[in-house]
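>>> requesting a structural model of the entry that follows:
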Amino acid sequence: MPIKHRFTLPLLSTLISLLPGLALAQSRAKDVPGYVVTTAGDTLRGLISIPHFVTEQGISVRPAAKAPARQLSAAEVRVIGLQDQRRFLRQTVAASRNPETGVVDSATILVQHLVGGAANLYRYNHNAARHAGRSEGASAAVQYFIDQQGSSLVPLRRPTYEPVLTALFKDCPPVVQALLRTGFTEDKLGNLTLRYDTLCQATTPATDYRPRHEPLFGQRLLSVRVAAQQTKFYHPSSYYFHPDQAERITRPALGLEMRFANAGPWSVIVGGTYARQRGESTRTETAVPGTLNAGQPLVLTSTIDVKTLQVPVLARYTLGHGRLRPYLAGGLVLGWLFDDHTSLAYAKLTYIGTAESFYRDDVVSLRADRGPRFTLGTALRLGLQVKNAGRISPLLELQYGTGRDREQNPGALTNLYGQRESMGYLHYQSLSLTTGIEF
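Residues are numbered from 1 along each chain as shown. Okay, here's the model as predicted:
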């Protein structure tokens, strides 16, 4: 027997109570595990937040996800190493020259170390608006520096980078030749510097500190899912399965999904969910006057039993990098209805020919089975995933879905003109609570 009920408010409120944590998770989404070596010689480990203008804004270090953050200025930091392979160093660069004394003023900045070895390439993000003397607004600018062991930083600028690098790499003719085909981009400058370090300075270990660029949605994560799916089938323009009379019936559903993800918050979900669904619609009529059972209530219950296979194609956004990861997902759901057994109930006069009356008003069920057909709908999910140290991650989610089939139901009865009635499209609404594991 199917279980008929509505999901209780406590169940819904429990999941919705997770929403206040979404903002906190989002605010910490840029925290990356790593370490900091301070100028005092201390090593701090934890979650590190690196703003775009790190030299001007400093960094924050959080020993654990819920621990208070410690703020450090650029002057307090010597080295930063992050789990995503990024590395930042404290460096001194020439800032300006006094025209009267000829003294060069210097500035201490935090630069991102892109390539390390006999030659080192650095990236520096600075606020060009502030450096131009404007107190309001921000204008991002990127500057590159290069040095060789024991030398000071040399700026690389688009108009002059070719002669500067030619002079620095003059002891390596293959790299000088490659410079002619090297544009002024971070990727190409980094590859040229790395080639110099590995080809012509092999005695000094070379390291590429640039973060690896993962293929788009390169991770493939499989999830096995079990759901309690509450579905309501209805025909908006028919008294069979009218929306006001259709009941919500809960049945189990089994699902298998593949999620294509990368290190970012966005991922794509494709999968399949199988269920044996049931719909019921009950209306009450009164036996017509003049019949043997005139005035008797007639309970007319129409049913549909059908197997469903749904294929969700969803975009998911995950908030945060902690152990508890809330997420939202939404998109299209393609479906297939098959093995349809539909029974339509209606009142029919039966001739009996007694002294009291010639007719009795009876309840009759007429089969109106239909063949396989497609459905198209949408779905919205709110979920929570527990990211464990191993590969297996439990998840819990609430999903709302709606849609309809692609073929009109011709009904079962005929009118006075011998034409079958049209019930229209079969619509559905569903609410499901799903639990599963992803690995």
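>>> where along this structure do the helices fall?
Listed in chain order, the helices found in the chain under DSSP state H are 9-16, 20-27, 54-57, 128-131, 161-168, 173-179, 186-199.
>>> least confident of the ones you listed, on average?
Ranked by mean pLDDT, these end with helix 20-27 in last place, scoring a mean of 44.
>>> contacts only, for residue 289.
For residue 289, the residues meeting the contact criterion (Cβ atoms under 8 Å, 6 or more residues apart in numbering) are residue 295. Where C-beta positions appear, they are placed from N, C-alpha and C, glycine not excepted.
>>> and it, backbone torsions?
Backbone dihedrals for residue 289, given as degrees, to the nearest 10, come out at phi -60, psi 150.
>>> give me the pLDDT for it.
The per-residue pLDDT reported for residue 289 equals 90.
>>> do you know how far it is from residue 359?
For residue 289, the distance to residue 359 equals 11 Å [Cβ to Cβ, to the nearest Å].
>>> same question for residue 238.
The separation that residue 238 has from residue 359, given Cβ to Cβ, amounts to 26 Å.
>>> can you check residue 293 too?
When Cβ to Cβ is the yardstick, residue 293 and residue 359 sit 9 Å from each other.
>>> return the set of buried residues in stretch 403-410.
Along stretch 403-410, these residues count as buried under the neighbour rule (16 or more other Cβ atoms under 10 Å): 403-405, 409.
>>> got TSV for the residues you listed, with distance to residue 305 too?
Listed next are these as TSV, based on distance: Cβ to Cβ, whole Å:
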residue	distance to residue 305
403	19
404	18
405	15
409	15
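>>> check those residues against residue 112 and report the nearest one.
Top of the list for closeness to residue 112, among those and by Cβ to Cβ, is residue 403 at 48.4 Å.
>>> check contacts around the spatially closest residue to that closest one that is not a sequence neighbour.
Counting by Cβ to Cβ, 6 or more residues apart in numbering, the nearest residue to residue 403 once its immediate chain neighbours are dropped is residue 377, at 1.9 Å. Contacts for residue 377 (Cβ under 8 Å, 6+ apart) come out as 310, 332-333, 335, 401-404, 428.
>>> filter those down to the buried ones.
Buried members of the contacts of residue 377, counted by 16+ other Cβ under 10 Å: 310, 333, 335, 401, 403-404, 428.
>>> mind checking which of those residues are in strands?
Assignment to strands by DSSP state E places the following of the buried ones among the contacts of residue 377 there: 310, 333, 335, 401, 403-404, 428.
>>> in these, find the pair that's most separated.
310 and 404 (13.0 Å).
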